[in-house]
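Asks: I'll drop the sequence and a predicted model, then ask my questions.
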Amino acid sequence: MVWSGTWVAERLGVGLVGDGELRELLGLALRRNPKRAHLLVSNVLGKHVPQRPSVVYAAGFKLGRRVRALLGEDGARRAVVLGYAETATGLGHSVADGLGEAPYLHSTRRPVPGVARAGGFEESHSHATSHLLLPEDPRLLAAGRSGGEGSALVLVDDEFSTGNTVLNTIRALHERYPRDRYVIVALVDMRSPADRDRLTEFAAEIGARVDLVARTTGTVTLPDGVLEKGQALVAEREAADRARESGSSASVPAAPAPGAPSAPGVPGVPAAPRPYTRLDLPWPVGVPDGGRHGFTAAHRALLEPALPALADRVAQALGDTPRRVLVLGFEELMYAPLRLATALEERTDAEVRYSTTTRSPVLAVDDPGYAIRTRLVFPAHDDPADGPGDRYAYNVAGAGFDAVVVVVDSTADTPALHAPGGLLDRLAPHTAHVLLAVIPSYTPVATASDCQEEALMQLPEPLRGPAFSSYAPDEVGWLLQDLSETRLEAPTEEREEAIQSGGAHYAESLPVEYQPSAEYQQLFKVALDLSAARIARAVGTVTETVLAERGPRPVLVSLARAGTPVGVLMRRWARERHGADLPHYAVSIVRGRGIDANALRWLAAHHDPADVVFVDGWTGKGAITRELAAAIAEFEKAGGVAGFDPEIAVLADPGGCVRTYGTREDFLIPSACLNSTVSGLVSRTVLRADLVGPHDFHGAKFYRELAGSDVSGLFLDTVAARFGEVADAVDAEVRELLAADRAPTWEGWAAVERISEEYGIHDVNLVKPGVGETTRVLLRRVPWKVLARRGAGPDLDHIRLLAEQRGVPVEEVDSLPYTCVGLIHPQYTRGATGADGKAVETA
């Protein structure tokens, strides 16, 4: 095949020096530009050359994966990706997808009323030089936006030629948003040795690390006088084109007026343009049409599952006949058309290609050794701020497309688009079917009052290990404040007396951390080995149910702390089985006080509330299930962001309180056997007025001093190691569950009410049903007695051991819906424990 740079190379002496892939990636063309006559034309960018959309998307996504490997999981999560308008808006967005959770922003030349500039810079060699930065969230570009020091800015352009554009960008942004790391990403790095040295010197000057990730590397060789020769050659060819067009104009009928009737074959009456089909795409609500104002992981999670249906709508509008289809994007609007095209490519048998229109004028030469063989010229149709001007679609005419899908945002759906000589009219002679697909333009809208916004600005980023908790930083982000240096522990008996007398709430202090005996620690390890596969199966079942019913990218929010190990395991399952890195946070919920409203505000600012799935370890009688539902309703009533689903996903639901669960059996979950030492060394949460202000997260402690007894990692690794062997059983169980009636029965609540009356307690809060809750009673409260289902087996070995150590009787009963129930002493006073500190049987 002839290289598509041959024509320019032969006439101007321009050469490309690099590896064998360089000429496959790039061709050459000439343009009217006073600063650089030649143009490197990418074959995989999807701008000037129609290309398979899967190839275009993969080019950016794979670069993003390389950046992710460079930065590490945590660094990639905290990075911000910035793409350059107009050529690299889709490439940059694809790179951001490759990183995973990093937000994306692209520069723009379209000012938007009401959106403040967060910066700007100049691109010296571009046809249109000024770039605006218009993020909806003004904090998006701040280095400490998501994790403080070390958050990298990833700058993406299609080519890295001199480095001037990147230098201008970094210089402008570093003054306003200083950071210590930048990563430059390009399809090709074509810098000269001098330009490479200049970038190195600049990085040293500002005291930042600058890395470069490129698909391939080379150089452009330019002979003396190439600019003048190129300009002369362009002028010569354009003059010849004008003369040819002028000589043939008499045979070309004038364009009809808008709405003129078609009268083919009637002398003097022009034929109307071919009709086009219009499709208003049902774009997901709240999802931007691109990265002009920022595009977050939450937006990505909403768009991905919607793409197949959107592509099906396009395919239906096209009908069954097209064999060769072009999806044509519009200037900066590259990513949305690209993803539509990739979905269309996957879901139809048609040969799909993708490219976009541009404002950059390039000479067209119909020669196989030239990169731009044809061009269509039409007026701008989005009321550009810099005034009217010509726009271009290259390599579309004569390419043999049966259908062209023109994708624009609603701002660009103007009369100029539809007018004679407009884009739709120019396309009509070159294809049998023009389909106009319109996406609603995204306009940022303030969703909180100034007071709420100020409060949100005061909230810190989530705490992460190893600074807080023994979990890895990517396993969970704690939406809590660190109270590790505050003395909060009180003797169990004192806490119980204060709680039952109404003098204090249980969340205002912490129990002294239980230090397990060697016998109890061995019991934990035995129980873990015996139940690991059972737990793995429950983890898989609840995770697959969530993915099936809540979409492929849910945001896991565990209720600290019992829910947190389960959330980590669910995240591991999703990553191992589906390659999905699900966001996971831990928040505080307190019975009688509700969920941490500031944590909800933080979540709503960083994710779509509809994606949030609350996670807990197990249900007892369902008190927290009811507490969460009431708290979400109160949050919305007080003006909080709506959309959070209060349903909880749990590992075990013996009480029949929820519809999303791994099992409804009441069995030993070893993470219930211990306190902080199986929960990342984090205490239960604290809510006390003198420690938690109106703009603070609830608090918790990190018990670093217990690291020698920590089995948090052991628990996670042991269960995760069994994922493979339970996968088939999980798939079968999930199929049955999804087809079953899983409505809550609240059987457990009814049993608790009955037990409360039968044993003369008259307070359901002192009845703790299930293995997990009974364990908590024995570890944290003053227990009265334990009710055990007659014949219960090894699941209660640790309960019997703890009860023996505390002097608590275990009473075997029949007709118990749970394996066991723990009863807190109903009339506790300090004297009820006796001189030996053990609970007595009667008050």
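Replies: Nice, I can see it.
Asks: ok, now which ones touch residue 109?
Replies: 85, 86, 128, 130, 131, 132, 332, 384, 385, 386 (C-beta atoms under 8 Å, 6 or more residues apart in numbering). For every residue, glycine as well, the C-beta is placed using N, CA and C.
Asks: Closest one of these to residue 669?
Replies: Of all these, residue 669 sits closest to residue 332, with 51.3 Å by C-beta to C-beta.
Asks: Run through the residues that contact the closest residue to the closest one other than its chain neighbours.
Replies: Distance criterion C-beta to C-beta, 6 or more residues apart in numbering; nearest residue to residue 332, sequence neighbours excluded, is residue 86 at 4.6 Å. Residues counted as contacts of residue 86 (C-beta under 8 Å, 6+ apart) are 109, 331, 332, 334, 358, 359.
Asks: pull the helix or strand with minimum mean pLDDT from this structure.
Replies: The helix or strand of the chain with the lowest confidence, counting by mean pLDDT, DSSP states H and E, is helix 450-458 at a mean of 49.
Asks: what comes into contact with the next helix or strand after that one?
Replies: The first helix or strand that comes after helix 450-458 along the chain, using DSSP states H and E, is strand 477-478. If you take C-beta under 8 Å, 6+ apart as the criterion, strand 477-478 is touched by 461-464, 468-469, 560, 583-586, 682, 700.
Asks: for strand 477-478, what is the average pLDDT?
Replies: The average pLDDT for strand 477-478 rounds to 94.
Asks: so what strands line up beside the following helix or strand past that strand?
Replies: Downstream of strand 477-478, the first helix or strand assigned by DSSP H and E is strand 481-482. Neighbouring strands of strand 481-482 in its sheet, by DSSP bridges, are strand 699-700 (parallel).
Asks: quick revisit: out of the contacts of strand 477-478, flag the one nearest to residue 376.
Replies: Closest to residue 376 out of these is residue 583 (43.7 Å), distances taken as C-beta to C-beta.
Asks: Ignoring the adjacent residues along the chain, who's closest to the closest one?
Replies: If the residues on either side of it in the chain are set aside, residue 583 comes closest to residue 555, at 4.7 Å by C-beta to C-beta, 6+ apart.
Asks: how near is that neighbour to residue 141?
Replies: 23 Å (C-beta to C-beta, to the nearest Å).
Asks: Next, the contact list for the residue nearest to residue 583, please.
Replies: 298, 301, 582, 583, 584, 585, 603, 607, 608, 611, 612, 613.
Asks: pLDDT score assigned to it?
Replies: Residue 555 is given a pLDDT of 91.
Asks: May I ask which two of the contacts of strand 477-478 are separated the most?
Replies: Largest pairwise distance in the contacts of strand 477-478, by C-beta to C-beta, is 19.7 Å, between 583 and 700.
Asks: Where do the strands of the stretch 1-150 of the chain begin and end?
Replies: Ranges of strands within the stretch 1-150 of the chain are 15-18, 26-30, 38-42, 80-83, 104-106, 119-122, 130-133, based on DSSP state E, counting those that start in this stretch.
Asks: Turn those into a markdown table, including distance to residue 66 and mean pLDDT.
Replies: Shown next, in a markdown table, are the strands of the stretch 1-150 of the chain (distance: least, C-beta to C-beta, whole Å; pLDDT from 0 to 100):
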| stretch | distance to residue 66 | mean pLDDT |
| --- | --- | --- |
| strand 15-18 | 18 | 90 |
| strand 26-30 | 20 | 95 |
| strand 38-42 | 18 | 92 |
| strand 80-83 | 13 | 95 |
| strand 104-106 | 17 | 95 |
| strand 119-122 | 25 | 62 |
| strand 130-133 | 25 | 78 |
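Asks: Looking at those, spot the one closest to residue 206.
Replies: strand 119-122 (14.8 Å).
Asks: what's the distance between the nearest residue to residue 385 once chain neighbours are set aside and residue 616?
Replies: Excluding its sequence neighbours, the residue lying closest to residue 385 (C-beta to C-beta, 6+ apart) is residue 111, at 5.2 Å. As for residue 111, its distance to residue 616 is 47 Å (criterion: C-beta to C-beta).
Asks: between these two, which one's more packed in?
Replies: Under the criterion of other C-beta atoms under 10 Å, the comparison of residue 111 against residue 616 puts residue 616 first, with 25 against 12.
Asks: Find the nearest non-adjacent residue to the more buried one, please.
Replies: Nearest residue to residue 616 in three dimensions, chain neighbours excluded: residue 563, at 4.0 Å (C-beta to C-beta, 6+ apart).
Asks: ok, the one you found touching residue 618?
Replies: No - under the criterion of C-beta atoms under 8 Å, residue 563 makes no contact with residue 618, lying 9.1 Å away.
Asks: any common contacting residues for those two?
Replies: Common contacts of residue 563 and residue 618, defined by C-beta under 8 Å, 6+ apart, comprise residue 650.
Asks: In the protein, which strand is the longest?
Replies: Identified as the longest strand of the chain according to DSSP state E is strand 209-221.
Asks: between it and strand 26-30, how many degrees?
Replies: Put simply, strand 209-221 runs at 60 degrees to strand 26-30, going by axes from the mean of the first three to the mean of the last three C-alpha atoms, to 10 degrees.
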